[in-house]
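S.K.: the sequence and its predicted three-dimensional model are supplied below.
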Amino acid sequence: MEQVAVTFTDGSARRYPRGTTLAAIAAETDRRDILAARVDGVPRDLAAPLERDAAVEWLTFGDPGGKEIYWHSTAHLLAQAVRELFPDAKLAIGPPIEDGFYYDFDIGRPFTPEDLEAIEARMRELAKRNEPIERIAVRRNEAIRAFQSGGEKYKAELLEGIPDDPVSFYRQDGFQDMCRGPHLPSTGWIKAVKLLSTSGAYWRGDEHREMLQRIYGISFPTREELDAYLARLEEAKRRDHRKLGRELHLFASVEEVGQGLPLWLPRGATVRRVLERYIIDLEEGLGYYHVHTPDLANTQLYKISGHWDHYRENMYPPMKVDNEELVLRPMNCPHHIMIYKNQQHSYRDLPVRIAELGNMYRYERSGVLSGLARVRGMTLNDAHIFCRPDQLTDEFMSVVRGFREYWYRVSLRDPADRAKFVQNDAMWDLAEQKLREAMTALGLRFVEAKGEASFYGPKLDVQVPNVMGKDETISTVQIDFYLPERFGLEYIGEDSQPHRPVMIHRGVISTLERMMAFLIELYAGAFPLWLAPEQVRVLPIADRHLAYARRVQEALRGAGVRAGVDASSERTGHKIREAQLMKVPYMLVVGNREEEQETVAVRSRGGGDEGAVPLAALTDRLVTEIASRR
RNA sequence: GCCGGCGUAGCUCAGCGGUAGAGCAGCUCAUUCGUAAUGAGCAGGUCAUCGGUUCAAAUCCGAUCGCCGGCUCCA
């Protein structure tokens, strides 16, 4: 019989009769966790026969590719359970996602929490039966007929986008679903399932189409892994900046002020101020001019810039006063452009870098608001670099070099979306080319995202996951040939003739709101010393030590340290607990011994009791640690 | 904006048709204490808002507002 040569990832190689299944080969190993394989890089079911020489890579739940298959099969199991409990349910799509899977259904009404429990219970029963999952080929016209008679309009629409004939289906226990696969060998592989939430989701992500009911879930090969995952979710909730913001008195949102308009409480405002000073110092050192411009502007400004045509749905409606029509600004660029225009520029002066912690107001739809991470009034760490075309790449690169790692998204326009993006193909092509060039020169990997650009140009977005795993854009850099054109910007070149500069828009630490949300979650509220709103709290043992405690506080304040005193009549243990819960980095216990010797007993947030040190020595230590910004 | 869930004291929550409760926080008093909660007392609520059902509504129904999870959108 004809043989095929198979090589494995460990470098070994063997020959098998043609047509041997992957399952048979996997059975020769002593591993029971192989759930599928990649054959020459293509994921395949274990039931697939080998027809030619191939490189085989086994997949288990431990591999990202294996998880995908595992969760995809769980999504099918979910669909099967829903179909059994709701025979009229129409199926849409059910892919694996980063953590688990979802499946979209149309059952004519939303799922209730009770439905979810029933579905989850049915999934467990079905998994227990351990039915084999089989791939079957179905003639295209048969599939179309089946979808029509079953009223499966979503599946029918999906099929229109698939050119194959026949198309592949997967069948388990009488249930079948059109699917590319691959899948687990049988349903019994799914040991621990949890359905996490339901929500509405637009068919094909289009808000003008049907709203389907989505069920999110996750599954694992063992109960322990599921429990560990659920525990991680709980831990993430503890780090949630909204919860910590309330507990640590950093910020508050009140109905009377308005949605998406948070109040920075004294503690939060202190952290913000430290960040602001840091940023301004840093940027002035990098050659940026920090300016200040007003939050309101004449509508005219935004008509010139193009915001009026392309960004109006994010702007608050104009207000009429005297003969003027004013709007709250959604972006700062036009103001900075007017600053550039306020005087003539020689080619020798460029680049001109104009920066501002600029307040902006954007109308965000109510459902998207979230703590400090997504608000309606915000302050952007904004800057606009006006440069010559030959300086563009260097300027862009030096901005990006300032970023931390994380992942980069190059956001491009969708040429078909004429409403959202200004029309000028040559300009877009040039800007996109420059951006890709610079990223390649920097050696940075990035993904491209069509339709995510600004209306005036493509941008580089730095994406950072928050504690709940959702990506937020932190930094952004945009290349803009459009606004200089709109505003008729010029510089005088070597040839004494006017030339058009190019603009780079950049926000490095995002808005102060989003950065604060990010930092709270990053540190779980325990800010490093330089950022901590209350860096030190002095804890007198008894009331008679209060005067000395105040002296310690004044000495520290004099050295620029933010120090508080706990003047309550509680016991020391209680005071420590309070300070610890507020995540104060240093607690200084002072009693008779300390007062007599001009010392303080240091207790650090992380390290516990560190013993007594002279006050002057501690002050020096704190000042040094603060300056280190760690 | 759309789909669903949830709104009870400053915070965390119980009560789920018979007239509002706990713990923590706050205030007062006592205690003056050495490294994560001293004790006692007091005060605090139009049960988000408005309307309906009922002899009776925090509790059931509806609308509105807000928050939460998604969708869409985004710094």
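M.R.: Nice, I can see it.
S.K.: what's the weakest-modelled helix or strand in chain A?
M.R.: Least confident helix or strand, chain A: strand A:407-412 with a mean of 66, by mean pLDDT, DSSP states H and E.
S.K.: list the contacts of the next helix or strand after it.
M.R.: Next along the chain after strand A:407-412, taking DSSP states H and E as the criterion, comes helix A:425-442. The contact list for helix A:425-442 (CB atoms under 8 Å, 6 or more residues apart in numbering) reads A:392-393, A:396-397, A:400-401, A:408, A:410, A:412-413, A:415, A:421, A:446, A:457-460, A:479-482, A:485. Backbone N, C-alpha and C define where each C-beta goes, glycine included.
S.K.: distance of the closest residue in space to residue A:166 that isn't next to it in sequence relative to RNA strand B?
M.R.: Leaving aside its sequence neighbours, residue A:166 sits nearest to residue A:137 (CB to CB, 6 or more residues apart in numbering; 4.1 Å). Noted for residue A:137: a distance of 31 Å to RNA strand B, by CB to the nearest atom of the strand, to the nearest Å.
S.K.: what residues does the stretch 451-600 of chain A put near RNA strand B?
M.R.: Applying CB under 7 Å from any atom of the strand, one finds that the stretch 451-600 of chain A approaches RNA strand B through A:451-452, A:454, A:461, A:468, A:470-474, A:476, A:507, A:510-511, A:513-514, A:541-544, A:568-574, A:576-577, A:580-581, A:587, A:589-594.
S.K.: are any of those residues buried, and which?
M.R.: Buried members of these, scored by 16 or more other CB atoms under 10 Å, are A:452, A:454, A:461, A:472-474, A:476, A:507, A:510-511, A:513-514, A:541, A:572, A:576, A:587, A:589-591, A:594.
S.K.: assign the nearest residue to residue A:301 once chain neighbours are set aside to helix, strand or coil.
M.R.: Leaving aside its chain neighbours, residue A:301 sits nearest to residue A:334 (4.8 Å; criterion: CB to CB, 6+ apart). Under DSSP: H, G, I helix; E, B strand; the rest coil, residue A:334 falls in the helix class.
S.K.: thought residue A:334 was touching residue A:303?
M.R.: No: between residue A:334 and residue A:303 there is no contact under CB atoms under 8 Å: 10.0 Å.
S.K.: higher neighbour count, the two?
M.R.: residue A:334 (23 against 14; other CB atoms under 10 Å).
S.K.: against residue A:290, how distant is that one?
M.R.: Distance of residue A:334 to residue A:290, computed by CB to CB, to the nearest Å: 18 Å.
S.K.: with residue A:512 instead?
M.R.: 14 Å.
S.K.: between these two, which one's more packed in?
M.R.: residue A:512 (22 against 15).
S.K.: let me see the contact set for that one.
M.R.: Per CB under 8 Å, 6+ apart, neighbours of residue A:512: A:272, A:275-276, A:357, A:378-379, A:381.
S.K.: what is the burial count for the closest residue to RNA strand B within the stretch 151-300 of chain A?
M.R.: Per CB to the nearest atom of the strand, residue A:200 is where the stretch 151-300 of chain A lies closest to RNA strand B, at 2.7 Å. Using other CB under 10 Å, residue A:200 has 10 other residues around it.
S.K.: quick check: it is in a strand.
M.R.: Yes: with three-state DSSP as the criterion, residue A:200 is located in a strand.
S.K.: okay, and the beta partners of it?
M.R.: residue A:213 (DSSP bridges).
S.K.: contacts only, for it.
M.R.: Applying CB under 8 Å, 6+ apart, the residues contacting residue A:200 are A:110, A:211-214.
S.K.: quick one: residue A:137 and residue A:181, what's the gap?
M.R.: 11 Å.
S.K.: surely residue A:382 touches residue A:357?
M.R.: Yes: counting by CB under 8 Å, residue A:357 is a contact partner of residue A:382 at 7.4 Å.
S.K.: ok, the residue nearest to residue A:301 - contacts?
M.R.: Per CB under 8 Å, 6+ apart, neighbours of residue A:334: A:297, A:301-302, A:304-305, A:307, A:483, A:487.
S.K.: next one, pLDDT for it please.
M.R.: Residue A:334 carries a pLDDT score of 96 in this model.
S.K.: and for residue A:160?
M.R.: 87.
S.K.: ditto for residue A:416
M.R.: So, for residue A:416, pLDDT stands at 69.
S.K.: ditto for residue A:406
M.R.: The model's pLDDT for residue A:406 equals 54.
S.K.: for residue A:426, same thing?
M.R.: In this model, residue A:426 carries a pLDDT of 86.
S.K.: any idea how far it is from residue A:432?
M.R.: Taking CB to CB, one finds residue A:426 at 11 Å from residue A:432.
S.K.: okay, these two: which has more neighbours?
M.R.: residue A:432 (18 against 8).
S.K.: what is the neighbour count of the residue nearest to residue A:166?
M.R.: 10.
S.K.: and the helix or strand hosting it, what does it pack against?
M.R.: For residue A:137, the element it lies in under DSSP H and E is strand A:134-138. In terms of contacts (3 or more CB pairs under 8 Å, 6 or more residues apart in numbering; DSSP states H and E), strand A:134-138 is packed against strand A:167-172.
S.K.: for RNA strand B, what's its nearest residue on chain A.
M.R.: residue A:367 (2.1 Å).
S.K.: next, that residue: secondary structure please.
M.R.: Residue A:367 ends up helix, using three-state DSSP.
S.K.: pLDDT wise, what is residue A:259 at?
M.R.: At residue A:259, pLDDT is 91.
S.K.: which ones are touching it?
M.R.: Contacts of residue A:259 (CB under 8 Å, 6+ apart): A:253, A:366, A:369, A:376.
S.K.: so who does the third one touch?
M.R.: So the one you mean is residue A:369. Residue A:369 touches A:259-260, A:375-376, counting by CB under 8 Å, 6+ apart.
S.K.: mind listing what's buried along stretch A:4-16?
M.R.: Quick answer for stretch A:4-16 (16+ other CB under 10 Å): A:4, A:6, A:16.
S.K.: let's have these in TSV, adding pLDDT and distance to RNA strand B.
M.R.: Output for the buried residues of stretch A:4-16, formatted as TSV (pLDDT from 0 to 100; distance: CB to the nearest atom of the strand, whole Å):
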residue	pLDDT	distance to RNA strand B
A:4	89	43
A:6	90	40
A:16	90	43
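S.K.: take the residues you listed and write them to a markdown table, including secondary structure.
M.R.: Formatted as a markdown table, the buried residues of stretch A:4-16 follow (three-state DSSP):
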| residue | secondary structure |
| --- | --- |
| A:4 | strand |
| A:6 | strand |
| A:16 | strand |
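S.K.: list buried residues within the contacts of residue A:200.
M.R.: Looks like the contacts of residue A:200 have A:212-214 buried, using 16+ other CB under 10 Å.
S.K.: beta-bridge partners for the one residue sitting closest to the centre of chain A, please?
M.R.: In chain A, the centroid-proximal residue (CA atoms, centre = their mean) is residue A:471; its distance is 1.2 Å. For residue A:471, the beta-bridge partners are residue A:465 (DSSP bridges).
S.K.: quick one: it and residue A:463 touch, right?
M.R.: Yes: Residue A:471 is in contact with residue A:463 according to CB under 8 Å; the separation is 4.5 Å.
S.K.: counting neighbours, which bits of stretch A:42-50 end up buried?
M.R.: Buried-residue list, stretch A:42-50, by 16+ other CB under 10 Å: A:43-48, A:50.
S.K.: what about those, which are in strands?
M.R.: A:43-44 (DSSP state E).
S.K.: which one of the buried residues of stretch A:42-50 is nearest residue A:77?
M.R.: residue A:45 (15.9 Å; CB to CB).
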